[in-house]
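J.: could you work out the structure for the sequence below:
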Amino acid sequence: MEMYTDNINIKRRLLYGSYKFLKNIGYIRIKNIFKNYANILIFHRINDFDSDTLTTPTPLFKNMVKALRNNYKICSLQDLIMRIKNKEVLDPKTVVITFDDGYKDNFVNAAPILKKYDIPATFFITSGYINTDNILPWDKKSVLRHPLMAWDEVRELVQMGFDIGAHTVNHINLGEASLDTARKEITGCKAHIEREIDKEINTFAFPFGRSNCIRDEVIEIIKEAGFDCCCSAYGGKVTKDTDLYNLYRIPVYPNTIELKMEIDNFMTCFDGKMKINLWPVFGLFLSNIWDIEFNSQVFSITNML
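T.: All right, here's what the predicted structure looks like:
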């Protein structure tokens, strides 16, 4: 077991070392100089009492935010939508921060850090769970409590300058729900949020975020409801030619360097597949020795977390 762990550590050092070396000599900057993409990141929970794949520890989140502020160009989701509508070429250093579900720790832990560093963000909330004691289905198995925000906290996020987006009323799978149910969940969420915050919203993220959790007929309902975009959650870059109703988002990585590797287009994961984006021979070599798996909510290194 110890030898296996040592082997994993060697793989980690090799991958990280390769990335740092190529970044230091300017290779990554040159490789991306003519690239046209942006990165939309997803977070869920920010706290220090859980360690599951939905949770980012508060100190790690702070380090990630500082790294993003110092090395990349952070913009709001609204700004990115306008750039795509105007067919503007996107700087590959562009990063957008989003949160899903509406956990209370977003307000308690994440918002103060974002505000301190003047970082914009969009919070996609599941309206039927806000201001209630209802527990999201996957949290019912946990011995830990994961409360959702109150409407006063959502309104305070708006006052702080953050954007609120819709995530359905009850966090249902829109790939399986009837069209009548989907319409009620989408329009009902939008109406509920707008009534509570006294402000129109125009961004939507579909629950679970996988490619099979949405379908074309539901996308039409999202458009008809007055949303300007629909966000997924299975990885991928956004370009000036991206369909606004299929905006790829990148689930959070388990540490800052891997997050930077993704943003820098060194290592990318899309729909469960990992790829090293270098010249063919070296990229294939690193991909083969570095075993990375995709979890439904987070990109994690096999047997290391």
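
J.: how about the helices of the stretch 151-300 of the chain, start to end?
T.: Ranges of helices within the stretch 151-300 of the chain are 151-159, 179-197, 216-224, 256-263, 280-289, based on DSSP state H, counting those that start in this stretch.

J.: I'd like these as TSV, with mean neighbour count appended.
T.: Yep, even glycine has a C-beta here, placed from its N, CA and C like the rest. Shown next, in TSV, are those (neighbours: other C-beta atoms under 10 Å):
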stretch	mean neighbour count
helix 151-159	16
helix 179-197	18
helix 216-224	15
helix 256-263	21
helix 280-289	13
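
J.: to residue 123, which of these lies closest?
T.: Closest to residue 123 of the helices of the stretch 151-300 of the chain is helix 151-159 (C-beta to C-beta; 6.0 Å).

J.: which residues make contact with the closest one from outside it?
T.: Applying C-beta atoms under 8 Å, 6 or more residues apart in numbering, the contact partners of helix 151-159 are 102, 104, 106-107, 111, 123, 125, 130-131, 164, 193, 196-197, 199.

J.: what about 6 Å?
T.: 107, 123, 130-131, 196-197 (C-beta atoms under 6 Å, 6 or more residues apart in numbering).

J.: residue 75: neighbour count?
T.: 19 (other C-beta atoms under 10 Å).

J.: quick one: it and residue 48, what's the gap?
T.: 29 Å (C-beta to C-beta, to the nearest Å).

J.: which helix or which strand is home to the spatially closest residue to residue 161 that is not a sequence neighbour?
T.: Spatially, and ignoring its direct neighbours in sequence, residue 161 is nearest to residue 120 (7.2 Å; C-beta to C-beta, 6 or more residues apart in numbering). For residue 120, there is no helix or strand it lies in under DSSP states H and E.

J.: and residue 120, how many residues sit next to it?
T.: Around residue 120 there are 16 residues (other C-beta under 10 Å).

J.: again with the one 3 residues further on
T.: A count of nearby residues for residue 123, using other C-beta under 10 Å, gives 28.

J.: so what's it up against?
T.: The contact partners of residue 123, taken as C-beta under 6 Å, 6+ apart, are 99, 106, 157, 164.

J.: any low-confidence regions in this protein?
T.: Where the chain drops to pLDDT under 70, the residues are 1-8, 279-305.

J.: which residues of the stretch 1-150 of the chain fall in strands?
T.: 38-43, 45-46, 55-56, 73-74, 94-101, 122-125 (DSSP state E, counting those that start in this stretch).

J.: over to the stretch 201-305 of the chain?
T.: 203-205, 229-231, 250-251, 267-270, 273-276, 292-294, 299-301.

J.: how about the nearest residue to the spatially most central residue of the chain, chain neighbours excluded?
T.: Geometric centre of the chain, nearest residue: residue 42, 1.5 Å, by C-alpha atoms, centre = their mean. Once flanking residues are discounted, residue 42 sits nearest to residue 249: 4.8 Å by C-beta to C-beta, 6+ apart.

J.: tally of neighbours for that neighbour?
T.: Residue 249 - counted by other C-beta under 10 Å - has 22 other residues nearby.

J.: what residues are up against it?
T.: By C-beta under 6 Å, 6+ apart, the residues touching residue 249 are 40, 42, 231, 233.
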